[in-house]
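# generate a structure from the sequence data that follows.
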Amino acid sequence: MIQQHVPHYFLNQVVSELGEPCEAIYNELKEGNIREFLKDIISTEFTPANTKEIRRGTNKLAQATKKRWYKSLADSVKKTKKSKKTEILKEIALLESLIDMYGFSEFKKLHNVETMDELIKKRLDEVAKWCSDKESRLMDYKYIRDKTPTQIKKALRYDAIIAIADVLIKNFDGNLNKIIIDQPLKYADHPVGNTSLTKMKLTDKSVLIDNKLHYISEYRPGEDYSLHTLVSQELLSEEKILRSVDNTDLEIFRSVISLRDNKQFFENRKVYVTIGDLVRATYGSDNKKNYNAVKERLMKMANVTFNVIEPNRTLVFGIFDRLDIQPLGNGEIAEITINEEIHQNYVKGQVIRAYSDRLASFQNKASQTLIFPLQKERFLCYFRQTGYSATFDYTYFIHKVQFRSKRKDVNLALIEQCLQDFVTQKVTVESYERKRDSFLINFFPVETYEVEDLLGNQQLTHFIEEVPEQINLK
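Numbers count the residues shown, from 1 in each chain. Model prediction:
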């Protein structure tokens, strides 16, 4: 089983969610770095599928602890023998010393109460309010530092599990594997996706593959480059419009990959995923219309093949080699076999990685497709150490994504909208300058935490496509 890497980017989000006071209390325990503490919790407690369940169970324990602490505090002030000066009793003892030194008037002025009993009631009311607040953390307890180190560490663990789950649910669909998403190099290097929802235009050409007739859609951005999308006849229907592969398809593909079991994936190319999980990840709602839409898109991805045709080579790859959907309980489960060429990209580490929550913030759908080629260029700048600025002309962009319009001015405007999207969201592109049909792009320097999160063991060669043995078609 491949070891789950816990991204520094995610750990920073969790530490921020917990807040500085929580980190300060952990540091007082002198048990190392809080990020190591969090990594241990994630590794031992969380799986890609149990986030909501573990949050629910831990929250019950945390709420029970709050009630127990409140009862203990309330009982402590009722006891006639108050030998142990902790929590509220400790505060009272300190205030009595203050009164002895500065007088009762100073005490009244400082705490806005008339008597010590009134202050005790005020403190109990504050803790009662904390106890009844379902969103308050154990570390917010007024007398947390009077608890034993064991109690504090246990409470910190409860708070940390809830914070980890909250960040996962809010930003990453509750899925650890979705913090970082990756695009295969072939999908970043070739224009397999369309910028928008559009009808697939088929030519009169067809070819027989495995005794199945396939029709051809051709995208030709230049004289020496052509991408043919081969579509199985099984997809064609008079009742339904066949759509080009677009960003939603690629988003579903990335969701499939994020739900993989690494052993099954790397050994057998297989991913098992419920249709409902894909629907919720894609549309946020699993109503019947969305459910059927995802199934149709899965069928499309299992029945299309891409042929890249250049003067000296032909490159063939696809999305899914096999799709088998079977009933499971009240829903369905899909057994998906990833295309062998694409699988090899993952095996060899030839993927472009990004933080998924940053992509979700884009205003333009096309941005989610265009970001990966530019992220690759940014990483190439890091490896080559040639600076983080480069100029890209119109030809570069039309070789990376299929544009719906044939008008150059319309496509250039869309490219600029995407670049502005990146700048606004502070993702990959720090700034850009348009010069007629070209763009001078200044990339954000690759941060130290990104090197470990997004690059790992990757080197320059991982971002350069291997030239396969030439295939002669007859």
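# isn't N177 up against V256?
No: contact criterion Cβ atoms under 8 Å: N177 and V256 do not qualify, at 10.8 Å. For the C-beta atoms, the positions are set from N, CA and C on the backbone; glycine is no exception.
# please say which of these two ends up with more neighbours.
Set N177 next to V256 and count neighbours by other Cβ atoms under 10 Å: V256 wins out with 23 against 20.
# could you find the closest non-adjacent residue to that one?
V271 (5.4 Å; Cβ to Cβ, 6 or more residues apart in numbering).
# extract the C-alpha trace of the one helix or strand the one you found maps to and format it as PDB.
Per DSSP states H and E: V271 is located in strand 270-274. Below are the C-alpha coordinates for strand 270-274, written out as PDB (Å, rounded to 0.1, in the frame of the first residue of the first chain):
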ATOM      1  CA  LYS A 270      -9.100  -0.500 -11.700                       C
ATOM      2  CA  VAL A 271     -11.200   2.000  -9.700                       C
ATOM      3  CA  TYR A 272     -14.400   1.100  -7.900                       C
ATOM      4  CA  VAL A 273     -16.700   4.000  -7.200                       C
ATOM      5  CA  THR A 274     -20.400   4.500  -6.500                       C
END
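# any idea how far E251 is from the residue nearest the centre of the chain?
Nearest to the geometric centre of the chain sits I179, at 2.9 Å (Cα atoms, centre = their mean). Here I179 is placed at a distance of 16 Å from E251 (Cβ to Cβ, to the nearest Å).
# before we move on, what about S361?
Applying Cβ to Cβ to S361 and E251 gives a distance of 14 Å.
# more neighbours: which of these two?
E251 (22 against 13).
# got a pLDDT number for Q363?
Model confidence at Q363, given as pLDDT, is 89.
# ok, it - contacts?
421, 424 (Cβ atoms under 8 Å, 6 or more residues apart in numbering).
# in the stretch 251-400 of the chain, which spans are helices?
In the stretch 251-400 of the chain, the helices defined using DSSP state H, counting those that start in this stretch lie at 262-268, 275-283, 288-302, 340-347, 356-360, 367-384, 394-398.
# K426 contacts F443, doesn't it?
No: K426 is beyond contact range of F443, at 11.7 Å (criterion: Cβ under 8 Å).
# between the two, which one's more packed in?
F443 (23 against 11).
# list phi and psi for the more buried one.
Per-residue torsions, F443: phi -90, psi 150 (degrees, to the nearest 10).
# could you do A93 as well?
Dihedral angles for A93 - degrees, to the nearest 10 - are phi -60, psi -40.
# which stretch among the helices of the stretch 251-400 of the chain comes nearest L323?
Of all those, helix 288-302 sits nearest to L323, with 3.8 Å by Cβ to Cβ.
# per-residue confidence averaged over that closest one?
94.
# cool, and stretch 95-106?
72.
# hmm, who's touching it?
107, 110-111, 116, 119.
# can you point me to the longest strand in the protein?
Looking across the chain with DSSP state E, the single longest strand is strand 212-222.
# which other helices and strands contact it?
strand 206-209, strand 225-232, helix 394-398 (3 or more Cβ pairs under 8 Å, 6 or more residues apart in numbering; DSSP states H and E).
# most tightly packed of the ones you listed?
strand 225-232 (a mean of 20; mean count of other Cβ atoms under 10 Å).
# contact partners for P311?
P311 touches D224, counting by Cβ under 8 Å, 6+ apart.
# give me the phi and psi for it.
phi -50, psi -40.
# so what pLDDT did it get?
91.
# so how far is W130 from it?
72 Å.
# also Y394?
60 Å.
# how about S196, secondary structure?
coil (DSSP: H, G, I helix; E, B strand; the rest coil).
# secondary structure for the contacts of stretch 95-106 - can I get that in a markdown table?
Formatted as a markdown table, the contacts of stretch 95-106 follow (three-state DSSP):
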| residue | secondary structure |
| --- | --- |
| F107 | helix |
| L110 | helix |
| H111 | helix |
| M116 | helix |
| L119 | helix |
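# now for these, which pair is the farthest apart?
Pairwise over the contacts of stretch 95-106, using Cβ to Cβ, the maximum falls at L110 and M116, 12.5 Å.
# more neighbours, these two?
Using other Cβ under 10 Å as the criterion, L110 and M116 rank with M116 on top: 15 against 12.
# okay, now the unreliable bits of the stretch 101-250 of the chain?
102, 106, 238-239 (pLDDT under 70).
# mind giving me the domain ranges of the chain?
Residue ranges for the domains of the chain, per automatic domain parsing: 8-172, 179-463.
# I92: what's it in contact with?
116, 119-120.
# what about V429, distance to I371?
Counting by Cβ to Cβ - V429 and I371 are separated by 9 Å.
# what does L440 give?
Distance from L440 to I371, by Cβ to Cβ: 18 Å.
# what do you get for N211?
On the measure of Cβ to Cβ, N211 and I371 end up 39 Å apart.
# same question, A62
Distance, A62 to I371, by Cβ to Cβ: 38 Å.
# who has more neighbours, those two?
More crowded of A62 and I371, by other Cβ under 10 Å: I371, with 25 against 19.
# you'd agree that one is up against L359?
Yes: with contact defined as Cβ under 8 Å, I371 reaches L359; the gap is 6.4 Å.
# what do those two both touch?
Between them, I371 and L359 share the contacting residues V427, judged by Cβ under 8 Å, 6+ apart.
# where do the helices sit along the stretch 101-250 of the chain?
Going by DSSP H, counting those that start in this stretch, the stretch 101-250 of the chain shows helices at 104-111, 116-132, 149-172, 185-189, 247-258.
# for I464, which of those helices is the nearest?
It's helix 185-189; of these, that one is closest to I464 (Cβ to Cβ) at 8.6 Å.
# tell me what that closest one is packed against?
By 3+ Cβ pairs under 8 Å, 6+ apart, helix 185-189 packs against helix 340-347, strand 351-355, helix 367-384.
# distance between it and the chain's centre?
For helix 185-189, the separation from the chain centroid amounts to 20 Å (computed by Cα atoms, centre = their mean, to the nearest Å).
# give me the residues contacting it.
Contacts for helix 185-189 (Cβ under 8 Å, 6+ apart): 192-193, 250, 315, 317, 341-342, 345, 350-352, 372-373, 375-376, 400, 462-463, 465.
# got the CA positions of it in PDB?
The C-alpha coordinates for helix 185-189 follow below in PDB (Å, rounded to 0.1, in the frame of the first residue of the first chain):
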ATOM      1  CA  LEU A 185       0.600  14.600 -18.700                       C
ATOM      2  CA  LYS A 186      -1.100  13.500 -22.000                       C
ATOM      3  CA  TYR A 187      -4.300  15.500 -21.000                       C
ATOM      4  CA  ALA A 188      -2.200  18.600 -20.200                       C
ATOM      5  CA  ASP A 189      -0.100  18.300 -23.400                       C
END
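# longest helix anywhere in this structure?
Looking across the chain with DSSP state H, the single longest helix is helix 51-78.
# in it, which residues are buried?
Applying a neighbour-count criterion of 16 or more other Cβ atoms under 10 Å, one finds 51, 54-55, 58-59, 61-63, 65-66, 69-70, 73, 77 buried in helix 51-78.
# nice, that's everything, thank you.
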